[in-house]
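Q: Fold the following and give me the result.
(one chain, ligands or ions: 2)
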Amino acid sequence: MPKKLKIFCPALEEEALKQFNDCCSKDFVIQAALMPDAHTGYVAPIGAVIKTKRAVVPAWVGYDIGCGMIAVLISDKKAEQILVQEKARQLFNQVNRDIPMGAGRYVAQGRPNFMVDELKKKLQKLKESTTLDKLWETVRDKSNPNLGTLGSGNHFIEILTCDDETWLVIHSGSRGVGHYLATYFMKAVSGRNKGYEATYAIENPDQRDEYMLYQKYCLEFALLNRLSMALKVEKAIKAVTGIQYDTMKNLWTNKNHNHCISLGNDLYLHRKGATSSDKGERGVIPGNMRDGCYLVEGLGNDDFLCSSSHGAGRQMSRTQARKNVKLEKFQEAMEGIVAPICRKTIDESPFAYKDVSEVMKLQKDSVKIIKRLKPIINWKGF
Ligand SMILES: Nc1nc2c(ncn2[C@@H]2O[C@H](COP(=O)(O)O)[C@@H](O)[C@H]2O)c(=O)[nH]1
Ligand SMILES: [Mn+2]
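A: Ligands and ions are numbered 1, 2, ... in the order given. Prediction:
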C-alpha cells in the first residue's frame, strides 16, 4: 500500500524536506504529515507527525519529551483585567522571584504539597514497572529539583487578554528529566556514544516497553511541571492584585506537543512539535511574544494525522536573529507589553518567527480558532 504523506508547509527549507523524506523512507513508516510551522530539526523536522508499525524512534520525539502548553482563564471581568495591567510590572517582578527561569535554575521549595505528593506517586508507579533500577534512581533524583521550573529559550509564561478576559499560558516541558532519558535511550538504541541523534528504531519489544514507560513518566512530569508553575502564578496574582481564581477549575487545557503514543495494534504516532487535534479537542497555538496565542479546537482531520502546528515556527535561526534583529526594533515591536527585552532575548523577538496568522490559514482544515489572545506580560528564561 502506498504511504499517505502530506506536507502543509509551502515554504519549506530544503533541509527540513530532506529530513522529512529520510524519515518517511523507512519501511516501518506507514503515514506522515508535516505541519505548517515546520522547520529543520536534528533528525526529524520540527512539525513532523509520523505513524509507524512495530517501531518507536526516540530521536523523533526528541529531548524535550512532553514539552507543551497549559492555558488557564484568570478572569472574565474587565475591572480585574485593568488591575492586572496596572500592576503588570510588580507582577512581572514577583513571578521572576517565584519561578526559576533559565538553564540550570532549580526550585526546591514553595510548590504545593499535593504536587510533590503527586510526583512521588508517579515515581513509585514507575519503580514498580521498570527493570532498570539505576535509571529509575537517576530519574528520581532529577525529578524533584526540576518540578516547577520554566527552562530557557522559547519556553515562556504569558498573561494575555481577549475582550474582557485575562488568560495565563505556559510553555515548558520535562526539563532535565526528559533530556536525560532521551539521551539515555538514544544511546542505548543506537549502541553509540556519539552520532546517536539519528533514526534508530526500537524494534525489540522489551526495550520499546521500557522507553514507552519512561516516556509516559516524562509526559506526566511535564503536565505536573506546567501545573505547578500555573499554581505559583495564581498565588503571585493574588498577592500582587488581590484577584482570586482557581487554576484547577479554570484549566482550559494542559497538553504536550512532543511525544510518541501507542495507537494499539503495534501502531505508534510520533509528534515532534505538533499538537494533537482530535475532533473537539482543545489546544493552544502560540505565535511569538508580541502576537500571543490562539485557543483552538481540533477538527479530527486524518490528512493532518489529527494534528496541528505547535506554534508559528522559526524563520530565523538564533544566530541569524542575533545578527539581523536590532534591539531598537525589538523594543518598538514590544511596546505596551511588559517583557524581558534585551540583547540576550533578541533571538526570541517576534521577527525570529514566521507569521502565525499565515500558519493558522494553512491549517484551517485541521483546527477551528476559538479565541485570539494578545500578551500583556511575558516571561522568558535566559
Ligand atoms: N505567545 C508566545 N509564543 C512563543 C513565544 N516564544 C516562542 N513562541 C512560539 O512557541 C513555539 C514553540 O516552539 P517549540 O519548538 O519550542 O515548542 C514557537 O514555534 C513559537 O511560535 C512567546 O514568548 N510567546
Ligand atoms: Mn515546546
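Q: so what's whatever residue of the chain ends up closest to ligand 1 up against?
A: Nearest to ligand 1 in the chain, going by Cβ to the nearest ligand atom, is Gly311, at a distance of 2.5 Å. Every residue, glycine included, has its C-beta placed from N, CA and C. By Cβ atoms under 8 Å, 6 or more residues apart in numbering, the residues touching Gly311 are Asp37, Asn154, Gly273, Ile285, Pro286, Gly287, Tyr353, Val356, Val359.
Q: Now render these as TSV, adding secondary structure.
A: Shown next, in TSV, are the contacts of Gly311 (DSSP: H, G, I helix; E, B strand; the rest coil):
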residue	secondary structure
Asp37	strand
Asn154	coil
Gly273	coil
Ile285	strand
Pro286	strand
Gly287	strand
Tyr353	strand
Val356	helix
Val359	helix
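Q: Just the closest of the residues you listed to Glu203, please.
A: Distances from Glu203 to the contacts of Gly311, taken as Cβ to Cβ, are shortest for Gly273 (24.5 Å).
Q: roughly how far apart are that closest one and Val356?
A: Distance of Gly273 to Val356, given as Cβ to Cβ, to the nearest Å: 14 Å.
Q: Over to Lys78?
A: In this view, Lys78 and Val356 are 26 Å apart by Cβ to Cβ.
Q: Out of those two, name the residue with the larger neighbour count.
A: Neighbours per residue (other Cβ atoms under 10 Å) separate Lys78 from Val356, with Val356 holding more: 24 against 13.
Q: Skipping its backbone neighbours, what lies nearest the more buried one in space?
A: Gly287 (3.0 Å; Cβ to Cβ, 6 or more residues apart in numbering).
Q: cool, Arg290 as well?
A: Distances taken as Cβ to Cβ, 6+ apart place Pro350 nearest to Arg290, at 4.1 Å, with adjacent residues excluded.
Q: And the strands in this protein, which stretches?
A: Applying DSSP state E to the chain gives strands spanning 4-7, 29-39, 46-53, 68-75, 156-162, 165-172, 251-256, 258-264, 267-272, 274-276, 282-288, 292-298, 307-309, 367-380.
Q: Let's test this: mean pLDDT of the first one, rounded?
A: If I follow you right, that is strand 4-7. Mean pLDDT, computed over strand 4-7, is 98.
Q: What about the residue lying closest to Ala38 once chain neighbours are set aside, how many residues nearby?
A: Leaving aside its sequence neighbours, Ala38 sits nearest to Gly47 (Cβ to Cβ, 6+ apart; 3.4 Å). Neighbours of Gly47 under the rule other Cβ under 10 Å: 32.
Q: Model confidence score at the closest residue to Gly173 other than its chain neighbours, please.
A: In space, and not counting its chain neighbours, Gly173 is closest to Cys67: 3.1 Å by Cβ to Cβ, 6+ apart. On pLDDT, Cys67 comes in at 98.
Q: so what's Cys67 up against?
A: Counted by Cβ under 8 Å, 6+ apart, Cys67 has contacts His155, His171, Ser172, Gly173, Ser174, Gly178, Ala222, Asn256, His257, Asn258.
Q: correct me, but the second one touches Gly68?
A: Looking back up the chat, that one is His171. Yes: between His171 and Gly68 there is a contact under Cβ atoms under 8 Å: 7.4 Å.
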